[in-house]
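Chemist: one predicted model, sequence on top.
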Amino acid sequence: MGHTVTLEKIEELIQGYVVNLRTDDEKIDAINKLKECLHKLSPFAREPVDCVLWVRADQVTANDYNPNVMAPSEKRLLLHSLIADGFTQPVVVSEDRGKYIVVDGFHRQLLGKKTSGAGKFLKGYLPVTCINDDRKGKAERIAATIRHNRARGKHQIASMSDIVRDLIRLGWSGEQIAQELGMDPDEVLRLKQISGLTELFDGEEFSRAWTLSDK
């Protein structure tokens, strides 16, 4: 008759395995694999926050479209929070062939990469949570970033017009942009105007409110 497998026995085996690993890198790699295994079995496997991994900071790269900015006073407060409270929120990323592109948390990853201050105790790693596979396309990543920013009330109008332009070039309609980014149709139209590209207005019907006058 076989031995009964209990949680206590599994915990004992895991502890014995991890403790006997020689380096922090080996331990982190093993712990990540265990987290990913549990995540696949979790009732919350659809939720990215269910699995927070530690990845090398040099594998995490900023995106090239984020219109989020942070005032110096807010950045100082964030730094103080990371030092005093630790990382209570992971950096949200999209994994692509061993690289992790920031979706949300640009300033957290920036401060966490520094070997002094916020990154002092991170051993060259950053905590990340990966967006779901069906959100990995560039348009989906852009939309996810903007939703995070707008939910906090932080985005720049000029940069947002560039985002709208890029999403249209990636094949999204004005209606899809409005729905995915939480905008109304007039806001999308205004951002199209700011971008100043006539190609964005193909098939667009203008209301009298948008008529320009020489007066």
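Modeler: Happy to help now that I have it.
Chemist: and the most centrally placed residue in the chain, its phi and psi?
Modeler: Nearest to the geometric centre of the chain sits V103, at 2.5 Å (Cα atoms, centre = their mean). With angles defined as degrees, to the nearest 10, V103 sits at phi -100, psi -40.
Chemist: ok, then the element right after the longest helix along the chain?
Modeler: Looking across the chain with DSSP state H, the single longest helix is helix 24-41. Proceeding N to C from helix 24-41, the next assigned helix or strand is strand 53-56, under DSSP states H and E.
Chemist: just the pLDDT for the residue nearest to the centre of the chain.
Modeler: V103 is assigned 90 on the pLDDT scale.
Chemist: on that earlier part again, pull the distance from the longest helix of the chain to the chain's centre.
Modeler: How far helix 24-41 lies from its chain's middle: 21 Å, per Cα atoms, centre = their mean, to the nearest Å.
Chemist: likewise stretch 104-112?
Modeler: Averaging C-alpha positions (Cα atoms, centre = their mean) puts stretch 104-112 10 Å from its chain's average.
Chemist: show me the contact partners of it.
Modeler: With Cβ atoms under 8 Å, 6 or more residues apart in numbering as the test, stretch 104-112 has contacts from 57, 60, 62-63, 66, 68, 70, 75, 78-79, 82, 87, 89-93, 102, 117-119, 122, 126, 144-145, 148-149. For every residue, glycine as well, the C-beta is placed using N, CA and C.
Chemist: buried among these? Make that a ChimeraX selection.
Modeler: The buried residues among the contacts of stretch 104-112 can be selected in ChimeraX (16 or more other Cβ atoms under 10 Å) with this line:
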select :57,60,63,66,68,78,79,82,87,90,91,92,93,102,118,119,122,126,144,145,148,149
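Chemist: residues in contact with stretch 79-87: which ones?
Modeler: Stretch 79-87 has contacts (Cβ under 8 Å, 6+ apart) with 88, 108, 111-112, 117-118, 120, 122, 127.
Chemist: now, among the residues you listed, which is nearest to C37?
Modeler: Nearest to C37 among those is P127, at 18.2 Å by Cβ to Cβ.
Chemist: tell me where the chain has strands.
Modeler: Assigned by DSSP state E, the strands in the chain fall at 53-56, 60-61, 91-96, 99-104, 125-130.
Chemist: helices along the chain, start to end?
Modeler: Using DSSP H, the helices found in the chain span residues 7-19, 24-41, 72-85, 106-112, 138-151, 157-169, 174-181, 185-195.
Chemist: so the residue nearest to the centre of the chain sits against V92, correct?
Modeler: Yes: at 4.5 Å, V103 counts as touching V92 under the criterion of Cβ atoms under 8 Å.
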